[in-house]
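Engineer: Predicted model and sequence follow; I will ask about them next.
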Amino acid sequence: MAYLLALDQGTSSSRSIIFDESGAIVATAQQEFPQIFPQPGWVEHDPLELWNSQLQTARRVLEQSGIKAGELAALGITNQRETTVVWERASGRPVYNAVVWQDRRAETVCARLRERGLGEAIQAKTGLVLDPYFSGTKLRWILDNVPGLRERAQRGELLFGTVDAWLIWNLTGGRLHVSDVSNASRTMLWNIHTGRWDEELLAWLDIPRSMLPEVHASSHIYGEVDAQHLGAAVKIAGIAGDQQSALFGQACFAPGMAKNTYGTGCFMLLHTGDQCATSRNGLISTAACQADQRKQYALEGSVFIGGAVVQWLRDGLKAIKTSTDVEGLAATVDDSGGVVFVPSFTGLGAPYWNPSAKGAIVGLSRGSTVAHIARAALESIAFQSTALLNAMVRDAVSPITELRVDGGAAANNLLLQFQADLLGIPVIRPQVTETTALGAAYLAGLATGVYGGLSELSGQWRMERTFLPTIGRDEAAAKMQGWEMAIRQVRAGEGA
Ligand SMILES: Nc1ncnc2c1ncn2[C@@H]1O[C@H](COP(=O)(O)OP(=O)(O)O)[C@@H](O)[C@H]1O
Ligand SMILES: O=P(O)(O)OC[C@H](O)CO
């Protein structure tokens, strides 16, 4: 039996999972790390905490499983995307906290690029909307604002990486500065058509070329982990951004196959094969996992607050004790009683793109209770996801006949039923919902010969439960109209 280790470095925790070659989970270890909020709209992580928590979970999962590092066929890395780390080439020390994907501070950088009329040209090259979400704008902010760093970067003393590159630098004792196409495509420095770092983009964002990692296909033997970390050298044979990794782990390999991940945010990806489709409806184009030398693409809708709205009910409103409790509370009422919750705590992502929007709860009446608010919070996750799928349908790249789902909040049956009702297509939850980690394990297994090809992986995918629509299309459309009206109110409040 071959074993594969997936390192899944997410926004709220680091996880390590060992899979056997059938895709079954053998053991899991997880560790949370602190979120740092220095100012409203800013979100940071300590890069050393990311590295240490990831390493600890990798050691723990090996211990728990009784499998020795030397018995692993390979490991794959998957990570929160866009989060930006800068460190010293000579010492490996980070020079600033990691600026997290949710962080909005680079809006000033975007505004200047917009004023220069570069929004469309950037979108044409990168597939991305000019928004502070993406790494290049965060990196530019760091070099412009942290004293001394621009000069040091120009002297070649500093390196930039998304979290995959940072982890691999540490795993290999500074021997490798590498990343994969799926992560590179989120930096706004990568030309999605040529599959290269783009000199014009680097000039517009004023980023020295010497800071950037070397980029390969997602399934590729990058090198080996230093034996001191896990007890033996292990091949690093897969890297992918977590959402593209989940698309791969859901065995969505063909055009028209789509998945939605309900984690901190919600990320819906539609595979578009070797065609880079351009959205006219607020979605972005992104590199999908590349298993070989052929480029693969997806259309993506990214929602910044998904399951995080449930965390807010728990930690901010203290309405529930655990995230799981939300389902019971929401089920005590038949509907939201006219309450609509727009959880745009960190601006609005796709398809609305409004970095300064704030959250709102509208439609409150004397009869509204915390249960209505909890239900509206869950519904907001499904409404936002429906807006993404509607945009994909309007882009008419390919028909979407079903949606595969995963992520922490996909455990919530009430949410998934409401999702199927709104979408009017089957919403399908697989048996293995750790699809992000599974994708990374698959990529590593393909590169090292554990798997013969994609069809073998498609054959491993198993459905756990299907949610079918139970309401008419008119009723679904009316619910969606109520949502869009609330969005207009939020945007009007922002002067958008
Ligand atoms: N039963 C549930 N219902 C709704 N939301 C949930 C439930 N369980 C977990 N969540 C939410 O899912 C998120 C965690 O999912 P996960 O996939 O682990 O996220 P990430 O990978 O972004 O760290 C949290 O925001 C949590 O509030
Ligand atoms: O860590 P997650 O699962 O919240 O995913 C974060 C995304 O990669 C951000 O683009």
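Structural biologist: On my side now, so go ahead. Numbering: from 1, shown residues only. Ligands and ions are numbered 1, 2, ... in the order given.

Engineer: Can you give me the neighbour number for Leu364?
Structural biologist: Neighbours of Leu364 under the rule other C-beta atoms under 10 Å: 14. Using the backbone N, CA and C atoms, a C-beta is placed for each residue, glycine as well.

Engineer: What separation do you get for it and Leu317?
Structural biologist: Separation of Leu364 from Leu317 (C-beta to C-beta, to the nearest Å) stands at 14 Å.

Engineer: Could you do Phe383 as well?
Structural biologist: Relative to Leu317, and taking C-beta to C-beta, Phe383 is found at 19 Å.

Engineer: How about Phe160?
Structural biologist: 38 Å.

Engineer: got it, and Ser12?
Structural biologist: Taking C-beta to C-beta as the criterion, Ser12 is separated from Leu317 by 18 Å.

Engineer: of those two, who's got more company?
Structural biologist: The residue with more neighbours, out of Ser12 and Leu317, is Ser12; 17 against 12, by other C-beta under 10 Å.

Engineer: Just read off the phi/psi values of that one.
Structural biologist: Phi and psi for Ser12, reported as degrees, to the nearest 10, are phi -100, psi -20.

Engineer: By mean pLDDT, flag the weakest helix or strand of this protein.
Structural biologist: helix 473-493 (a mean of 91; mean pLDDT, DSSP states H and E).

Engineer: Please identify the buried residues of it?
Structural biologist: Under the neighbour-count criterion of 16 or more other C-beta atoms under 10 Å, helix 473-493 has Ala476, Lys479, Met480, Trp483, Ala486, Ile487, Val490, Arg491 buried.

Engineer: Off-centre distance for that helix?
Structural biologist: Here the centre of helix 473-493 is set off from its chain's centre by 26 Å, with C-alpha atoms, centre = their mean, to the nearest Å.

Engineer: Check stretch 28-48 too.
Structural biologist: The mean C-alpha position of stretch 28-48 is separated from the chain mean by 15 Å, C-alpha atoms, centre = their mean.

Engineer: Can you show me the CA trace of that stretch as CSV?
Structural biologist: The C-alpha trace of stretch 28-48 is given here as CSV (Å, rounded to 0.1, in the frame of the first residue of the first chain):
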residue,chain,number,x,y,z
THR,A,28,-5.2,13.7,10.4
ALA,A,29,-3.6,16.3,12.6
GLN,A,30,-4.6,19.9,12.9
GLN,A,31,-3.4,23.1,14.6
GLU,A,32,-4.9,26.5,14.8
PHE,A,33,-2.7,29.6,14.8
PRO,A,34,-3.5,33.2,15.8
GLN,A,35,-5.1,35.7,13.4
ILE,A,36,-3.6,39.2,13.7
PHE,A,37,-5.9,42.2,13.1
PRO,A,38,-3.7,45.3,13.5
GLN,A,39,-6.2,47.7,12.0
PRO,A,40,-9.7,47.4,10.6
GLY,A,41,-9.4,45.7,7.2
TRP,A,42,-6.0,44.3,7.9
VAL,A,43,-5.4,40.6,8.4
GLU,A,44,-1.9,39.1,9.1
HIS,A,45,-0.3,35.8,10.0
ASP,A,46,3.1,35.3,11.6
PRO,A,47,5.0,33.3,8.9
LEU,A,48,7.0,31.4,11.5
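
Engineer: So which residues make contact with stretch 157-166?
Structural biologist: Outside stretch 157-166, the residues that touch it by C-beta atoms under 8 Å, 6 or more residues apart in numbering are 9, 47, 50-51, 77-90, 95, 98, 135, 139, 149, 152, 169, 177-180, 183, 186-187, 207, 211-213, 239, 241.

Engineer: Among those, which ones lie close to ligand 2?
Structural biologist: Applying C-beta under 6 Å from any ligand atom to these, one finds that Gln80, Arg81, Glu82, Gly241 fall near ligand 2.

Engineer: among those residues, who's most crowded?
Structural biologist: Neighbour-wise, those (other C-beta under 10 Å) top out at Gly241, 32 neighbours.

Engineer: Tell me the secondary structure at the closest residue to that residue other than its chain neighbours.
Structural biologist: Closest residue to Gly241 apart from its sequence neighbours, by C-beta to C-beta, 6 or more residues apart in numbering: Arg81 at 3.9 Å. Classification of Arg81 by DSSP: H, G, I helix; E, B strand; the rest coil places it in coil.

Engineer: dump the residue contacts of Arg81.
Structural biologist: Residues near Arg81 by C-beta under 8 Å, 6+ apart: Trp101, Thr162, Val163, Ser182, Asn183, Arg186, Gly241, Asp242, Gln243.

Engineer: likewise Ser179?
Structural biologist: Contacts for Ser179 (C-beta under 8 Å, 6+ apart) come out as Gly161, Thr162, Asp164, Ala165, Pro213, Glu214, Val215, Ile239.

Engineer: That one belongs to a strand?
Structural biologist: Yes: assessed by three-state DSSP, Ser179 belongs to a strand.

Engineer: Okay, it and ligand 1: tell me how far apart.
Structural biologist: Applying C-beta to the nearest ligand atom, to the nearest Å, the value for Ser179 to ligand 1 is 20 Å.

Engineer: The longest helix seen in the chain and ligand 2 in contact?
Structural biologist: Using DSSP state H, we find that the single longest helix of the chain is helix 370-395. No: residues of helix 370-395 contacting ligand 2 under C-beta under 6 Å from any ligand atom: none, with a closest distance of 13.3 Å.

Engineer: after that helix, next one along is what?
Structural biologist: Later in the chain than helix 370-395, the nearest helix or strand by DSSP states H and E is strand 403-406.

Engineer: list the helices and strands the helix or strand that that following strand is followed by packs on?
Structural biologist: Using DSSP H and E, the helix or strand that follows strand 403-406 towards the C-terminus is helix 413-423. The criterion is 3 or more C-beta pairs under 8 Å, 6 or more residues apart in numbering; DSSP states H and E, and the helices and strands that helix 413-423 contacts are helix 325-330, helix 370-395, strand 403-406, strand 427-430, strand 463-467, helix 473-493.

Engineer: report the angle between the axes of helix 413-423 and strand 463-467?
Structural biologist: Using axes from the mean of the first three to the mean of the last three C-alpha atoms, to 10 degrees, the direction of helix 413-423 lies 60 degrees away from that of strand 463-467.

Engineer: Tell me which residues are up against helix 413-423.
Structural biologist: Under C-beta under 8 Å, 6+ apart, the answer for helix 413-423 is 262, 327, 330-331, 378-379, 381-383, 385-386, 389, 403, 405, 409-410, 426-427, 429, 465, 467-471, 476, 479-480.

Engineer: mind running it again at 6 Å?
Structural biologist: 327, 330-331, 378-379, 381-382, 386, 389, 427, 467-471, 476 (C-beta atoms under 6 Å, 6 or more residues apart in numbering).

Engineer: Return the residues of the stretch 351-496 of the chain in contact with ligand 1.
Structural biologist: Counting by C-beta under 6 Å from any ligand atom, the stretch 351-496 of the chain sits next to ligand 1 at Gly407, Gly408, Ala409, Ala411, Asn412.

Engineer: Now which of these would you call buried?
Structural biologist: Using 16+ other C-beta under 10 Å as the burial test, those include Gly407, Gly408, Ala409, Ala411, Asn412 as buried.

Engineer: Output those in JSON lines; the columns should cover pLDDT and distance to Trp353.
Structural biologist: Listed next are these as JSON lines, based on pLDDT from 0 to 100; distance: C-beta to C-beta, whole Å:
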{"residue": "Gly407", "pLDDT": "92", "distance to Trp353": "22"}
{"residue": "Gly408", "pLDDT": "91", "distance to Trp353": "25"}
{"residue": "Ala409", "pLDDT": "95", "distance to Trp353": "23"}
{"residue": "Ala411", "pLDDT": "96", "distance to Trp353": "29"}
{"residue": "Asn412", "pLDDT": "97", "distance to Trp353": "27"}
